[in-house]
Structure formats: structure tokens, C-alpha cells
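Asker: No letters, just coordinates:
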């Protein structure tokens, strides 16, 4: 039988370094709160999580002046092309997206967000984005830069982290 001493007193991942646990707990709390907020927003717009993600991808691409092909959307969302077709049908029916001929290939289509979708997203998120900006501005410019560098470094770490090998046999 395994020793069941109090594990709270022993580090699990990190030595007891000042603020490391607090910072990582803050990241976990932020990720959870962000996921919950996105679910509430999707629910409020009558969408599922994947529909909302698709709308975000399309709006971001539109703002960057880049067309979005359904295959690219399927890849970005990690769903099949058949599921993407159903998703686009739902979002077109709800008035959030529309299909347009590809600018360079008439046999292909791209998708774009409707004015209604842009208004709805802005109406639902404008005040939160203002509050986010207000929080950022509470920090001095050099602190903002450090926070930005930290968040981008963490995102880069997550992006390059691959699959984790399965654990060995429990009796190893």
C-alpha cells in the first residue's frame, strides 16, 4: 500500500519558489474563466462552442483581409469537412455567416461574417473589452511589456508541446 502522508506539504511539479504557484494558478483560473465566458457567449447567441470558434476565426481573418476557405476552417477547428459543411449551414441559417465565391478560384467558396454577426459580437463584448483595457492600463508600460512577453512565451510553449507518452504499467 502506498504511503498516504499529506501531499500538500510536498511540491508536485515545482520547488517552493515565491509566486510560481500563484502565477500558474492564475493561468489555470484565467483559462477556466475564459472557457466559461466563451460558453456563456455562445449559449447567448444560440450557438455551440465550435460554432462560436468558427465565427471568431472568420471574423479575425476578415479583419486581416484574408479569405477563409471551408477546408482551412475545418483544419483550424480540428473537425471533418463534413462537420464543417453542417456548421456553415447552421451559421448561414442563423444569419452569422455567408458563402462567397473565392476571389481567385471560381470553383471554390470562402466564408465571411455578416454585418449582423459583427454587431452581435461587438454588442456582447464591447464593455468587457473596455474593462480588459482598463485592467491592462493599471500596469506601467514596462510591466505591460513583461506581461505580454510572459503570455507569448507561455503560448509558444503550449504550441510546441507535443503528445505526451502514455505512462508505463502501474506496477513499474
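Answerer: Sure, I can see it. None of the values given here were measured: they were computed from a predicted structure.

Asker: would you list every one of the strands in this structure?
Answerer: 97-101, 109-113 (DSSP state E).

Asker: Would you tell me which of the ones you listed gets closest to residue 28?
Answerer: With CB to CB, the closest approach to residue 28 among those belongs to strand 109-113: 31.3 Å. (Each C-beta comes from the backbone N, C-alpha and C, glycine too.)

Asker: Other residues contacting that closest one?
Answerer: Residues from elsewhere that reach strand 109-113 (CB atoms under 8 Å, 6 or more residues apart in numbering): 55, 58-59, 62, 67-70, 73, 88, 96-103.

Asker: ok, the residue nearest the centre of the chain to residue 143 distance?
Answerer: By CA atoms, centre = their mean, the chain has its centre lying nearest to residue 53, at 7.4 Å. Distance from residue 53 to residue 143, counting by CB to CB, to the nearest Å: 31 Å.

Asker: likewise residue 123?
Answerer: Relative to residue 143, and taking CB to CB, residue 123 is found at 31 Å.

Asker: With residue 33 instead?
Answerer: Taken as CB to CB, the span from residue 33 to residue 143 is 21 Å.

Asker: and what of residue 21?
Answerer: Counting by CB to CB, the gap from residue 21 to residue 143 is 20 Å.

Asker: In the protein, which helix is the longest?
Answerer: The longest helix of the chain (DSSP state H) is helix 20-44.

Asker: other SSEs contacting that helix?
Answerer: helix 49-63, helix 115-137 (3 or more CB pairs under 8 Å, 6 or more residues apart in numbering; DSSP states H and E).

Asker: So which bits of the first one are buried?
Answerer: Right, the one you point to is helix 49-63. Using 16 or more other CB atoms under 10 Å as the test for burial, helix 49-63 gives 50-59, 61-62.

Asker: What lies in contact with stretch 50-58?
Answerer: 38, 41-42, 45, 47, 68, 73, 76-77, 79, 87-88, 90-91, 96-97, 111-113, 117, 121.

Asker: give me that answer again for 6 Å
Answerer: By CB atoms under 6 Å, 6 or more residues apart in numbering, the surrounding residues in contact with stretch 50-58 are 42, 68, 73, 76-77, 87, 91, 96, 111, 113.

Asker: for stretch 123-138, same thing?
Answerer: Against stretch 123-138 from outside (CB under 6 Å, 6+ apart): residue 41.

Asker: try it again with 8 Å
Answerer: Counting by CB under 8 Å, 6+ apart, 37, 41, 44-45, 144, 147 sit against stretch 123-138.

Asker: For it, the averaged confidence score.
Answerer: Mean pLDDT, stretch 123-138: 94.

Asker: That one: how far from the chain's middle?
Answerer: Chain-centre distance of stretch 123-138: 17 Å, with CA atoms, centre = their mean, to the nearest Å.
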